[in-house]
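> Structure for this input, please:
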Amino acid sequence: MPNLGLVRWAVLLGAVFLAPATSSAQGTRDLDKNASEIEEATRQLLQQPVDRSALRSPTYVEERLSDGELFYRLQDYVRASIILTDIVQNHVGHRAYPDALFLLADSLYRAGDYMGARTRFQQILQQATQSRAYRAYVQRALGRLIEIAIRTRNFDGVEDYFTQLQTLPPAEVEAATKYHRGKYLFSRAVDVEDFLRERKEGDAEAVTDAELLEEARRSFEGVQEGSPYYPQARYFVGAIYTVQKQHPKAIEAFSRVLTAKGTTPEHQRVLDLARLGTGRLYYETGQLDRAVEAYQAISRTSEFFDAALYEAAWVFIQQGDSLRASRTLEVLSVAAPDSRYVADGELLRGNLLLREGQFEEAEDVFRLVHSRFGPIYKDLQAMCAGHDDQVAYFRQLVRDNMETFDVNQFLPENARAWTELDADMNRAFT
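Below is the predicted model:
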């Protein structure tokens, strides 16, 4: 804090040096009075709280929006959410607010906070009835709300979303409406988690609604080539034919996906999923060479590269080529050491080496598996041994930490990378 006495004397000295040489005693008293007034004004000014917004750049909000969008583009959705929340909570009337609100909603969605995202997307729909600035985001907001309903399997209000979509200009939303309705019907017709669950002999098959499934297929078929939703729609057509066990038609549908250009990361992801789909169907139908080609078409940069390697190894085993299978699994362990396929892949490689009579190499592989996963097993066993009723223990954990439950907080650190929630549990905590 400034020394007020020095302020006063600085003013006095300035007045003395600037005053005429003939200054009178009255003039000095006037200067002293003025200095006292300045001193008091200075004291009052220093006591006033500083408005932090006055210290900010005039383009502060735009700069924050750019920072948030940068993290969004870098797929750091948590940081993006933090920055964008500042704008949404503190700068409601700013012209950047609509952009920030949508980016915040989508960041929350991509970060897995579906409830928070739903609230923000619903805000966009409410604001769009009052301001044109939000209308550019209505279609995407409705699409995301439908996606959230599908992921959480809470379909309340979904039909209202479709009704709102139909009120938008047809040229903008026809393909989007058909695609999202197809996904909605598909999720109602098939419990994907139950369908993909490994079944033992004698287990009942997954229940599907054939009528809804066919209605979903017709909706996907209505998405025309050239639409940004075309690759995804064709992929779902292939998935539906797979559920219906019409494998040739499924292969054809997946092949049509591959004719589309991957213009976005989302499209490229769908193309790789279609390659996986064709590889699996070729394997199921005994077209092993084609299966290998499909798996090998998936690039090293793909998030599905590890799955492609693991499944290709099984194709080689089916072909009787254990050497290629072993080498493929070795590539998997090197290229994707943290993949969830590594544990099974290394055990499989060890058994293949045993079959080929390479006992020392097999022993080395098994020792590596034991050294890596043995401690994880022991830690999990110790955690379970400490609680007689493990179900009751877990229920209590959930009750005590319902607001911010994270299963990783309660697992041994070295086990966290190998843990994932099943679909029902994941929905419960999102």
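> C-alpha from now on. contacts and neighbour counts both.
OK.
> so what's the closest residue to Gly182 other than its chain neighbours up against?
Residue nearest to Gly182 in three dimensions, not counting chain neighbours: Ala216, with 4.3 Å by CA to CA, 6 or more residues apart in numbering. By CA atoms under 8 Å, 6 or more residues apart in numbering, the residues touching Ala216 are 181-186.
> Looking at those residues, which are in helices?
Here DSSP state H is the test, and those give 181-186 as lying in helices.
> about what we covered before: what's the helix or strand for the residue nearest to Gly182?
helix 210-221 (DSSP states H and E).
> List the buried residues of that helix.
Buried residues in helix 210-221, counted by 16 or more other CA atoms under 10 Å: 212-217, 219-221.
> and the longest helix for the protein?
helix 359-385.
> residues of that helix that come out buried?
Quick answer for helix 359-385 (16+ other CA under 10 Å): 362, 365-366, 369, 376, 379.
> what's near enough to touch the residue sitting nearest the centre point of the chain?
Note on the chain: the residue nearest the mean C-alpha position is Arg110, at 3.1 Å, using CA atoms, centre = their mean. Applying CA under 8 Å, 6+ apart, we find Arg110 in contact with Tyr77.
> Among the buried residues of helix 210-221, which one sits closest to Arg256?
Using CA to CA, Glu221 comes nearest to Arg256 of these, at 12.0 Å.
> does that closest one really touch Pro231, like I thought?
No. Counting by CA atoms under 8 Å, Glu221 does not reach Pro231; the two are 11.1 Å apart.
> what's the neighbour count on the residue nearest to Leu70 when sequence neighbours are not counted?
Leaving aside its chain neighbours, Leu70 sits nearest to Ala80 (7.7 Å; criterion: CA to CA, 6+ apart). By other CA atoms under 10 Å, the residues close to Ala80 number 28.
> Please work out the average pLDDT along the longest helix of the chain.
For helix 359-385, mean pLDDT is 87.
> For that helix, name the packing helices and strands.
Taking 3 or more CA pairs under 8 Å, 6 or more residues apart in numbering; DSSP states H and E as contact, the helices and strands that helix 359-385 lies on are helix 342-355.
> just how off-centre is the helix it packs on within its chain?
Chain-centre distance of helix 342-355: 33 Å, with CA atoms, centre = their mean, to the nearest Å.
> Pull the residues that contact that helix.
The contact list for helix 342-355 (CA under 8 Å, 6+ apart) reads 310, 322, 325-326, 329-330, 332-333, 336, 359, 361-363, 365-366, 369.
> Between helix 359-385 and that helix, find me the angle.
140 degrees (axes from the mean of the first three to the mean of the last three CA atoms, to 10 degrees).
> In helix 342-355, which residues are buried?
For helix 342-355, using 16+ other CA under 10 Å, the buried residues are 342-343, 345-353.
> Could you check which helix or strand contains Pro228?
Here Pro228 is assigned to no helix or strand, by DSSP H and E.
> I'd like the buried residues of helix 342-355 written out as a markdown table, with distance to Thr278 and pLDDT added.
Below are the buried residues of helix 342-355 laid out as a markdown table (distance: CA to CA, whole Å; pLDDT from 0 to 100):
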| residue | distance to Thr278 | pLDDT |
| --- | --- | --- |
| Val342 | 23 | 92 |
| Ala343 | 25 | 91 |
| Gly345 | 22 | 95 |
| Glu346 | 25 | 95 |
| Leu347 | 26 | 95 |
| Leu348 | 23 | 96 |
| Arg349 | 25 | 96 |
| Gly350 | 28 | 95 |
| Asn351 | 28 | 95 |
| Leu352 | 26 | 95 |
| Leu353 | 29 | 94 |
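> nearest to Pro248, of these?
So of those, ranked by how close each gets to Pro248 (CA to CA), first place is Gly345, at 29.5 Å.
> Tell me how far the closest one lies from Glu330.
Separation of Gly345 from Glu330 (CA to CA, to the nearest Å): 8 Å.
> Could you do Gln268 as well?
For Gln268, the distance to Glu330 - CA to CA - is 26 Å.
> ditto for Glu62
With CA to CA as the criterion, Glu62 and Glu330 are 50 Å apart.
> Could you do Ser339 as well?
13 Å.
> quick one: which of these two has more around it?
More crowded of Ser339 and Glu330, by other CA under 10 Å: Glu330, with 19 against 16.
> Identify the residues contacting the more buried one.
346, 349.
> can you give me the helices in the stretch 51-200 of the chain?
Applying DSSP state H, counting those that start in this stretch to the stretch 51-200 of the chain gives helices spanning 60-73, 77-90, 97-110, 114-128, 138-152, 158-166, 170-189, 192-196.
> contacting residues for Arg275?
254, 258, 294-295, 297-298.
> tell me which element it is part of?
helix 265-284.
> same question, Arg300
Going by DSSP H and E, Arg300 is not in any helix or strand.
> Just read off the phi/psi values of it.
Per-residue torsions, Arg300: phi -60, psi -20 (degrees, to the nearest 10).
> so how far is Asp272 from it?
11 Å.
> Those two - which one has more neighbours?
Neighbours per residue, other CA under 10 Å: of Arg300 and Asp272, the larger number sits with Asp272, 24 against 14.
> Isn't the more buried one up against Thr301?
No. At 10.7 Å, Asp272 does not count as touching Thr301 under the criterion of CA under 8 Å.
> Select, from the contacts of helix 342-355, the two members most distant in space.
Based on CA to CA, the longest span within those runs between Ala336 and Phe359 and measures 24.9 Å.
> which secondary structure elements does the helix or strand just after the helix holding Ala216 contact?
Using DSSP H and E, the helix or strand that follows helix 210-221 in sequence is helix 230-243. In terms of contacts (3+ CA pairs under 8 Å, 6+ apart), helix 230-243 is packed against helix 210-221, helix 247-257, helix 265-284.
> Reformat those into JSON lines and put distance to Ala149 and mean pLDDT next to each item.
Listed next are the helices and strands packed on helix 230-243 as JSON lines, based on distance: least, CA to CA, whole Å; pLDDT from 0 to 100:
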{"stretch": "helix 210-221", "distance to Ala149": "16", "mean pLDDT": "93"}
{"stretch": "helix 247-257", "distance to Ala149": "26", "mean pLDDT": "95"}
{"stretch": "helix 265-284", "distance to Ala149": "20", "mean pLDDT": "94"}
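> Could you find the lowest-pLDDT member of the contacts of Arg275?
Among those, Leu258 has the lowest pLDDT, at 91.
> Quick check: it vs Tyr310, distance?
Taking CA to CA, one finds Leu258 at 22 Å from Tyr310.
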